[in-house]
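[1] Whatever this is, show me its structure:
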Amino acid sequence: MATKNWIVDPFHSEVLFKIKHLMITTVTGSFSSFQAKVETEDEDFMKAKVEFTADVSSISTNNADRDNHLKSPDFFDAQTYPQIKFVATGFESVDNDGSYELYGDLTIRDITKRVKLDTEFGGVIQDAYGNTKAGFSINGKINRKEFGLTWSAVTEAGGVVVSDEVRIACEIQLIEQQ
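    Got it, this is the predicted structure:
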C-alpha cells in the first residue's frame, strides 16, 4: 500500500459555524483561512491521520464590529490563541452509504476536548486537470463554554444574547499531493 498525502482545496471548501442570537435567529460565521494535512494508505480514509487548523483572525460574520469582538479576549482572543486545531483520533462507519463518525481532539484557547463529528464521505474522483480529489461534509455541535468562550450577556427582559451551543458545518475537498 502506498501512503498518500492530501491538503485542502481552499477554493472548494468552507468552514462555517452557526450560533443562536437572542434565541430567535441564527448567525452564521466562517473562517476564510484554514489548512489540513491528511495522510492515508492508498485512498482509505478510515485510518487517516488528520490535522486541521483554522486561523482565528480570518473569522467573518459579515459584521466588522462583531468580528472584532469575536477576536477579542471576550471570545477567541486571537492575539494569544491564533489557531483552532483539530486532530483526528478515529473514524467509525455508521452505515454503508458513506456516513461516518469522526472523532478527534478539538483545541480552542489551549483547551482540548474530545468531539464527535458526523461525516459524509462524498468519494474520490479525478478532476478535469488530472488532480485526485476527495470530498467530505462534516457537521457537529460543541458547547462554546467548555472551550473558554464564556462571554455572556442578558437582555433587559432576561433573554440570553448568545447560545452556548455552536453548530459546525464544513464542506471539505482534499487534493492528493504528488
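[2] Where do the helices of this structure begin and end?
    Here the chain has its helices, by DSSP state H, at 64-71.
[3] in it, what spans have low per-residue confidence?
    Along the chain, segments meeting pLDDT under 70 span 154-160.
[4] Spit out the contact partners of F34.
    8, 10, 13, 15, 52-55, 58 (C-beta atoms under 8 Å, 6 or more residues apart in numbering). (Each C-beta comes from the backbone N, C-alpha and C, glycine too.)
[5] Can I get the buried part of the residues you listed as one PyMOL selection?
    PyMOL command restricting the contacts of F34 to the buried ones, with burial defined by 16 or more other C-beta atoms under 10 Å:
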select buried, resi 8+13+15+52+53+54
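[6] For S99, name its beta-bridge partners.
    Taking DSSP bridges as the rule, S99 bridges to E120.
[7] ok, now how distant is it from V38?
    Relative to V38, S99 is positioned 19 Å away (C-beta to C-beta, to the nearest Å).
[8] what does D164 give?
    31 Å.
[9] So if I had to pick from the two, which one is more boxed in?
    For D164 versus V38, the count of surrounding residues by other C-beta atoms under 10 Å is larger for V38: 22 against 15.
[10] if I read this right, the more buried one contacts D9, doesn't it?
    No - if you go by C-beta atoms under 8 Å, V38 and D9 don't touch, sitting 11.8 Å apart.
[11] Identify the contacts common to these two.
    Shared contacts of V38 and D9, defined by C-beta under 8 Å, 6+ apart, comprise L174.
[12] circling back to that earlier point, show me the contacts of F34 that map onto strands.
    8, 15, 52-55 (DSSP state E).
[13] mind giving me CSV with those and columns for distance to Q178?
    Listed next are the ones in strands among the contacts of F34 as CSV, based on distance: C-beta to C-beta, whole Å:
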residue, distance to Q178
V8, 16
V15, 25
F52, 21
T53, 23
A54, 26
D55, 26
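[14] Just the closest of the contacts of F34 to T89, please.
    Using C-beta to C-beta, F52 comes nearest to T89 of those, at 12.6 Å.
[15] What are the boundaries of the strands in the protein?
    Assigned strands in the chain, in chain order: 3-8, 14-21, 25-31, 34-41, 44-55, 59-60, 83-93, 99-108, 111-126, 132-143, 162-177 (criterion: DSSP E).
[16] show me the residues around T40 that make contact.
    3-4, 6, 47-49.
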